[in-house]
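Trainee: Build me a structure from this.
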Amino acid sequence: MATVYSRLVSDDPAVQNAWGVWEKSMPVLFLGGGHRPMPASRIISLQALRFVAASLVVVLHSTDVASGMKYPPVLATIGPAGVDLFFVLSGFIIARITSGATPIDFIASRLTRIYPLYLFLTVFWMYCLACLGMFKVAPLFTSLTFIPTNSAPYLTIAWTLQFEMFFYAVTALVLLRPKIGFLIAVVAYICALIGNKALGIRPLHFIGDPLILEFLFGILIAHTPLSAIAARWALVASIAGYGFIILVAYIPLDGIDRPFLCGMPAAALVYAASQFHARGPIWRGIGYLGDASYALYLVHLIVLYLAALALKILPLWPTVSIITLFCWALSMILHEKIEKPAIAYLRGYQSRMTKQCGAQRD
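Mentor: Numbering: from 1, shown residues only. Coordinates of the predicted model:
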């Protein structure tokens, strides 16, 4: 294990210095202030995890459509765990990029990252539904606002984005008073969690959903001191955790047990991966696929819906392989042609507005 793990901690002095700054920084979500950490979204190993998480979901849904939900138990077990890995990664990354950010800047950066491609694909899918005579007005509000209602979003996969946006909103509120905001948010969530289980009130069903614990897991490991020994054991714990749920062929899709059965192995894996310094062109390629993982996650259900009939003609695993590769390719195109230009334009616009406001104040 030690030989295999020897590459998990970088010997590059520049990287070690960057991680040292992060270790010494005061955790903004707990205490506020501190140095600005190295952006976790650019760590290739974590980008690779994003790609793996998105691909797990794609393979699960592809197999679902192609087989009529008659897929192997191991896939039914490990496939949904990609969502849990996404949530832990999100908590980790947000905890790393919020130092020094104002609530408005933070929300603006998150909306810039989430909305452009999502709106493009939502409008496209609305057009497809209209052409198929299946368009309904009811999902419009929740699709545009991410506020949960009785109707699912047009892109049904966006149910996870509802949790993401709720997490962003809470984070923005915490940034108003970082020293006590985090504690207040945690206490409020615990009350909502208990209320959800005890009372079953619909708003509490979302606000107190156990899945939100996985964002907290990500925040916790983002402020856990770096240690090669601890990372080794975290990797072992992650393998053991995933191995357990595969062996018992059980993964709860709801309930308080899911964050512990699926979220804790994901947290251990993220902690270990955050200390892996990936080098070389292969890792850079995987990191790029991680950059495109959001597009992969959003577009794959559209591809599956439109290709549902064709998927039932070919044998199962060739079908799943073809559709997965196609989704990978399409996600890279969307990332390059839609997502990156839109984000660059909006960030440039925000920068210009900030400079104009500063000039007016001067």
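Trainee: Okay, now the unreliable bits of the stretch 51-200 of the chain?
Mentor: Within the stretch 51-200 of the chain, the stretches with pLDDT under 70 are 67-74, 200.
Trainee: and if we set it to 80?
Mentor: Residue ranges of the stretch 51-200 of the chain with pLDDT under 80: 64-78, 99-100, 179, 196-200.
Trainee: now the helices for it?
Mentor: Ranges of helices in the stretch 51-200 of the chain, per DSSP state H, counting those that start in this stretch, are 73-78, 81-97, 103-131, 140-145, 159-176, 178-199.
Trainee: of these, which approaches L56 most closely?
Mentor: For the helices of the stretch 51-200 of the chain, proximity to L56 was assessed by C-beta to C-beta; helix 81-97 is nearest, at 3.4 Å. Every residue, glycine included, has its C-beta placed from N, CA and C.
Trainee: what's the angle from that closest one to helix 103-131?
Mentor: 150 degrees (axes from the mean of the first three to the mean of the last three C-alpha atoms, to 10 degrees).
Trainee: Tell me which residues of helix 81-97 come out buried.
Mentor: Of all the residues in helix 81-97, those buried under the rule 16 or more other C-beta atoms under 10 Å are 81-97.
Trainee: For the helix or strand where K340 lies, name the packing helices and strands.
Mentor: Assigned by DSSP states H and E, K340 belongs to helix 340-361. On a contact count with 3 or more C-beta pairs under 8 Å, 6 or more residues apart in numbering; DSSP states H and E, helix 340-361 meets helix 103-131.
Trainee: Which strands or helices does the helix it packs on pack on?
Mentor: Under the contact rule (3+ C-beta pairs under 8 Å, 6+ apart), helix 103-131 is packed against helix 159-176, helix 293-306, helix 340-361.
Trainee: buried set for it?
Mentor: Residues 106-110, 112-118, 120-122, 125-126 are the ones in helix 103-131 that count as buried (16+ other C-beta under 10 Å).
Trainee: quick check: angle from that helix to helix 340-361?
Mentor: 140 degrees.
Trainee: how far out from the middle of the chain is helix 103-131?
Mentor: Distance of helix 103-131 from its chain centroid, counting by C-alpha atoms, centre = their mean, to the nearest Å, is 15 Å.
Trainee: Now do it against helix 293-306: the angle between them, please.
Mentor: Put simply, helix 103-131 runs at 20 degrees to helix 293-306, going by the same axes, to 10 degrees.
Trainee: separation between the residue lying closest to L173 once chain neighbours are set aside and I212?
Mentor: Closest residue in space to L173, ignoring its immediate chain neighbours: G181 at 6.4 Å, by C-beta to C-beta, 6 or more residues apart in numbering. Distance, G181 to I212, using C-beta to C-beta, to the nearest Å: 16 Å.
Trainee: likewise P318?
Mentor: 39 Å.
Trainee: Can you pick out the residue with more neighbours from those two?
Mentor: The neighbour count for P318 versus I212, taken as other C-beta atoms under 10 Å, is higher for I212 (20 against 10).
Trainee: Return the residues in contact with that one.
Mentor: By C-beta atoms under 8 Å, 6 or more residues apart in numbering, the contact set of I212 is F163, F166, F167, Y189, L193.
Trainee: Quick check: the farthest pair among the residues you listed?
Mentor: Farthest apart among the contacts of I212 by C-beta to C-beta are F167 and L193. That separation is 14.6 Å.
Trainee: which of those two has more neighbours?
Mentor: Neighbours per residue (other C-beta under 10 Å) separate F167 from L193, with F167 holding more: 22 against 18.
Trainee: Skipping adjacent residues, who's closest to that one in space?
Mentor: Nearest non-adjacent residue to F167, counting by C-beta to C-beta, 6+ apart: F215, 5.0 Å away.
Trainee: just L269 next, same as before
Mentor: Using C-beta to C-beta, 6+ apart and skipping residues adjacent in sequence, the residue nearest L269 is S238, 4.0 Å away.
Trainee: Quick check: that neighbour touching G263?
Mentor: No - contact criterion C-beta atoms under 8 Å: S238 and G263 do not qualify, at 11.3 Å.
Trainee: out of the two, which sits in the more crowded spot?
Mentor: Using other C-beta under 10 Å, the more surrounded residue of S238 and G263 is G263, with 27 against 20.
Trainee: Compute the distance between the more buried one and P178, please.
Mentor: Distance from G263 to P178, by C-beta to C-beta: 24 Å.
Trainee: Excluding chain neighbours, what is closest to the residue nearest to the spatial centre of the chain?
Mentor: Centroid-nearest residue in the chain, with C-alpha atoms, centre = their mean: F86, separated by 3.2 Å. Leaving out its chain neighbours, the residue that sits closest to F86 by C-beta to C-beta, 6+ apart is A53, at 5.0 Å.
Trainee: Contact partners for that neighbour?
Mentor: G82, V83, L85, F86, L89, S293.
Trainee: so where do the helices sit in the stretch 201-350 of the chain?
Mentor: Counting by DSSP H, counting those that start in this stretch, the helices of the stretch 201-350 of the chain are 202-207, 212-222, 228-247, 257-258, 264-273, 281-291, 293-306, 308-311, 316-334, 340-361.
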